[in-house]
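Enquirer: Let's see this in three dimensions:
(one chain, ligands or ions: 1)
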Amino acid sequence: KMRLPVILFLITALTLVFPTESCTSFVEMIPQKPMNLTAFTLCMRVATELSSQREIILFAYRTGNYDELNVWGELDGRGKCVSLTIRIKILPELRALITHLCVTWDSTSGLAVLFLDGKRSLSKIYKKDHTVSPGGRVILGQDPDIYLGDFDKHQNFVGEICDVNMWDVVLPDSVIQGIFAGQREPRGNVFDWDSTELRINGDVEVAIRELYTPVWAQNVVINIEADV
Ligand SMILES: [Ca+2]
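Expert: Okay, the predicted model is just below:
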């Protein structure tokens, strides 16, 4: 018999890799509460090598008739107020290195703010007094033009996306900067990447990233007796 040391307590997270242009691959995220929102913070870590010449859908929330809340990357990045659609300039911000992206919005003021790797953008005014409607579907990887479908492979997401978290409040700047730096709290109450149900469709790789071992566990070694 020999004692084998095993180190436990590694903190891991799922990551999604969309390897190719496609109009069939997507991941549905099931929200933890109805999405009638008058404020939100939406964060994700994202990397892509797609050309800046094309639109890239980063997050799509659509009800039967409307794009309720979409986040796009595109060449010119102009804001669009028709629906609560946030358009972000792709280059140089989004690239092959993972970028931490957050969008905050508050109905009362209409203030919408973008954070890239903890750096805050100017504020823009979108849809004051608006409420995001519940009852839709949240999709990563594709832009639905109907409730769930009519995908266009020239708008889909190709690259890696993880840590998609959402809160029904605007988080303070310092909290967003902490999350960018790796803090795992506070967990999202609309989407918590560690526990939200993901429904994978098509060619999407789900991989596990090892984030870190917590300090309290770094010297915890458990010996297991085994016959060798
Ligand atoms: Ca479309």
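
Enquirer: thought Leu111 was touching Ser121?
Expert: No: look at Leu111 against Ser121 with CB atoms under 8 Å: they stay out of range, at 11.0 Å. (Glycine included, C-beta is placed from N, CA and C.)

Enquirer: So for the two, which residue has more residues nearby?
Expert: Between Leu111 and Ser121, counted using other CB atoms under 10 Å, the more crowded position is Leu111 (16 against 13).

Enquirer: which ones are touching the more buried one?
Expert: Shown in contact with Leu111 (CB atoms under 8 Å, 6 or more residues apart in numbering): Thr104, Trp105, Ser123, Lys124, Ile125.

Enquirer: per-residue confidence for it?
Expert: The score at Leu111 is 92. That number is its pLDDT.

Enquirer: Just give the nearest non-adjacent residue to the residue most central in space within the chain, would you?
Expert: For the chain, the residue nearest the mean C-alpha position is Val164 (2.7 Å; CA atoms, centre = their mean). Of all residues beyond its chain neighbours, the one nearest Val164 is Met44 (4.5 Å), with distances taken as CB to CB, 6 or more residues apart in numbering.

Enquirer: isn't the one you found right next to Ile161, touching?
Expert: Yes: with contact defined as CB under 8 Å, Met44 reaches Ile161; the gap is 5.9 Å.

Enquirer: What's the separation between whichever residue of the chain sits closest to the ion and Thr41?
Expert: Residue nearest to the ion within the chain: Asp143 (4.0 Å; CB to the ion). Between Asp143 and Thr41 the computed distance is 22 Å (CB to CB, to the nearest Å).

Enquirer: How about Leu116?
Expert: Relative to Thr41, Leu116 is positioned 14 Å away (CB to CB).

Enquirer: Same question for Ile11.
Expert: Taken as CB to CB, the span from Ile11 to Thr41 is 22 Å.

Enquirer: In terms of neighbours, single out the busier of those two.
Expert: Of the pair Ile11 and Thr41, Thr41 is the one with more neighbours under other CB under 10 Å, namely 25 against 13.

Enquirer: Give the next helix or strand downstream of the one helix or strand that one maps to.
Expert: In this structure, Thr41 is located in strand 39-47 according to DSSP states H and E. The first helix or strand that comes after strand 39-47 along the chain, using DSSP H and E, is strand 56-62.

Enquirer: Can you name every helix or strand that that following strand contacts?
Expert: On a contact count with 3 or more CB pairs under 8 Å, 6 or more residues apart in numbering; DSSP states H and E, strand 56-62 meets strand 39-47, strand 67-74, strand 137-140.

Enquirer: for the shortest one, which positions count as buried?
Expert: Meaning strand 137-140. Residues of strand 137-140 classed as buried under the neighbour-count rule (16 or more other CB atoms under 10 Å) are Arg137, Val138, Ile139, Leu140.

Enquirer: I'd say the first one and Tyr61 touch.
Expert: Same thing as Arg137. Yes: counting by CB under 8 Å, Arg137 does reach Tyr61; the two are 7.4 Å apart.

Enquirer: Please list all residues in contact with Gly136.
Expert: The contact partners of Gly136, taken as CB under 8 Å, 6+ apart, are Met35, Tyr61, Arg62, Thr63, Gly64, Glu68, Tyr147.

Enquirer: Any of the residues you listed buried? List them.
Expert: Met35, Tyr61, Arg62, Thr63, Glu68.

Enquirer: Next to the ion, which bits of the protein? Give me the list.
Expert: Within the chain, the positions lying close to the ion (CB under 5 Å from the ion) are Asp143, Asp145, Asp152.
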